[in-house]
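1. here is a sequence with its predicted model. Questions after.
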Amino acid sequence: MVIEPNSGDYFIDPREEIAVQKAREKYPHGMIGLHRINETGACGSL
């Protein structure tokens, strides 16, 4: 899961590089955060 923190938009894909690509297409100069989601859908405490 990739998050653009200023907008709160997020991008999810099973392949990390695709999620990053989707975020970069919409926010080419934005800062993004990457979180891995486990089998239960949790990514830990934020």
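-> Thanks, I have the structure now.

2. for this structure, give me the ranges with low pLDDT.
-> For the chain, applying pLDDT under 70 flags the ranges 41-46.

3. quick one: the strands in it, in order.
-> For the chain, the strands defined by DSSP state E occupy 2-3, 10-11, 33-34.

4. give me every residue that touches residue 1.
-> By CB atoms under 8 Å, 6 or more residues apart in numbering, the contact list for residue 1 reads 10, 11, 12, 19, 34, 35, 36, 37, 43. C-beta: built from backbone N, CA, C; applies to glycine.

5. make sure residue 19 is actually in contact with residue 12.
-> Yes. Between residue 19 and residue 12 a contact is recorded at 6.1 Å, counting by CB atoms under 8 Å.

6. on that earlier part again, quick one, which of the strands of the chain is packed in tightest?
-> Highest mean neighbour count among the strands of the chain (mean count of other CB atoms under 10 Å): strand 2-3, with a mean of 20.

7. re the thing from before, any chance of the strands of the chain in JSON lines with distance to residue 26 as columns?
-> Converted to JSON lines, the strands of the chain look like this (distance: least, CB to CB, whole Å):
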{"stretch": "strand 2-3", "distance to residue 26": "10"}
{"stretch": "strand 10-11", "distance to residue 26": "8"}
{"stretch": "strand 33-34", "distance to residue 26": "14"}
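
8. related to what we said a few turns ago, got the contacts of residue 1 as JSON lines, with distance to residue 2 columns?
-> Converted to JSON lines, these look like this (distance: CB to CB, whole Å):
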{"residue": "10", "distance to residue 2": "7"}
{"residue": "11", "distance to residue 2": "5"}
{"residue": "12", "distance to residue 2": "8"}
{"residue": "19", "distance to residue 2": "5"}
{"residue": "34", "distance to residue 2": "5"}
{"residue": "35", "distance to residue 2": "8"}
{"residue": "36", "distance to residue 2": "11"}
{"residue": "37", "distance to residue 2": "11"}
{"residue": "43", "distance to residue 2": "11"}
